[in-house]
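Asks: Just to be clear, the model below is a prediction. Sequence and coordinates:
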Amino acid sequence: MIKRNLFRLMALMMVTTLCMGFTACGDDDDEGNDSPIVATWTNSSNDNQQYQFKSNGDVVNHVVNPKFKGVTDQELSDSEVEKYVYGTYSLNGNRFTITWTKEKTLVVKSDNTQAWEEKTYSAPKVDAGTFTITEDLGTYFLTLNIEEGDGISSTWSGWSD
């Protein structure tokens, strides 16, 4: 009788363990999460601009006015402190398409007050081209080649989110 009860207890424990194992292995992966571009990328030339590619297909371009960081270049006008540009992206192999739809800008007014201004584009702006990702000593680099006019190439260093 003890042997039979011990056998039933062991069988019940094995079934319970298997059920817990199958439950823990549910399909909870986000669509596109395995994309190599999903990360936050900082401009390699200066740290005034970042791209954040999210696993849900959203992308955010964040630019800080370099004059407010003690750096000199012409990313934003004198009155713009920082800007977020929002859109979506799609990938096909190493080709990308980004559709920009709206922006939010922090502006310094003439009386030195600051206010956020939001604008939705009446016609979305589109950037398209190719990308490559390389790795050097544990740092990943994203190079975007935008097919616009003569073409724009920029390199971004990043890490996976």
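Replies: That came in fine, so what should we check first?
Asks: tell me the SS of residue 121?
Replies: strand (DSSP: H, G, I helix; E, B strand; the rest coil).
Asks: Can you report phi and psi for the closest residue to it other than its chain neighbours?
Replies: Leaving out its chain neighbours, the residue that sits closest to residue 121 by CB to CB, 6 or more residues apart in numbering is residue 101, at 5.7 Å. (C-beta placed from N, C-alpha, C; glycine too.) For residue 101, the backbone dihedrals (degrees, to the nearest 10) come out as phi -120, psi -30.
Asks: show me what contacts residue 101?
Replies: Residue 101 is in contact with 86, 87, 88, 120, 121, 124, counting by CB atoms under 8 Å, 6 or more residues apart in numbering.
Asks: Next one: the fourth one from residue 58, what distance?
Replies: The one in question is residue 120. Distance of residue 120 to residue 58, given as CB to CB, to the nearest Å: 15 Å.
Asks: repeat for the first one
Replies: Look at residue 86 and residue 58: by CB to CB, they are 7 Å apart.
Asks: Those two: which has the busier surroundings?
Replies: residue 86 (16 against 12; other CB atoms under 10 Å).
Asks: Distance of that one relative to residue 127?
Replies: 13 Å.
Asks: can you list residues touching both of those two?
Replies: Common contacts of residue 86 and residue 127 (CB under 8 Å, 6+ apart): residue 100.
Asks: after the helix or strand bottoming out on mean pLDDT in the chain, next one along is what?
Replies: In the chain, no helix or strand scores lower on mean pLDDT, DSSP states H and E than helix 2-24, which sits at a mean of 53. Downstream of helix 2-24, the next assigned helix or strand under DSSP states H and E is strand 39-43.
Asks: Which neighbouring elements make contact with that next one?
Replies: strand 49-53, strand 139-146, strand 152-159 (3 or more CB pairs under 8 Å, 6 or more residues apart in numbering; DSSP states H and E).
Asks: please redo it, this time with the cut-off set to 10 Å
Replies: The helices and strands touching strand 39-43, judged by 3 or more CB pairs under 10 Å, 6 or more residues apart in numbering; DSSP states H and E, are strand 49-53, strand 58-64, strand 139-146, strand 152-159.
Asks: Quick check: neighbours of that strand in the sheet, parallel or antiparallel?
Replies: strand 49-53 (antiparallel), strand 152-159 (antiparallel) (DSSP bridges).
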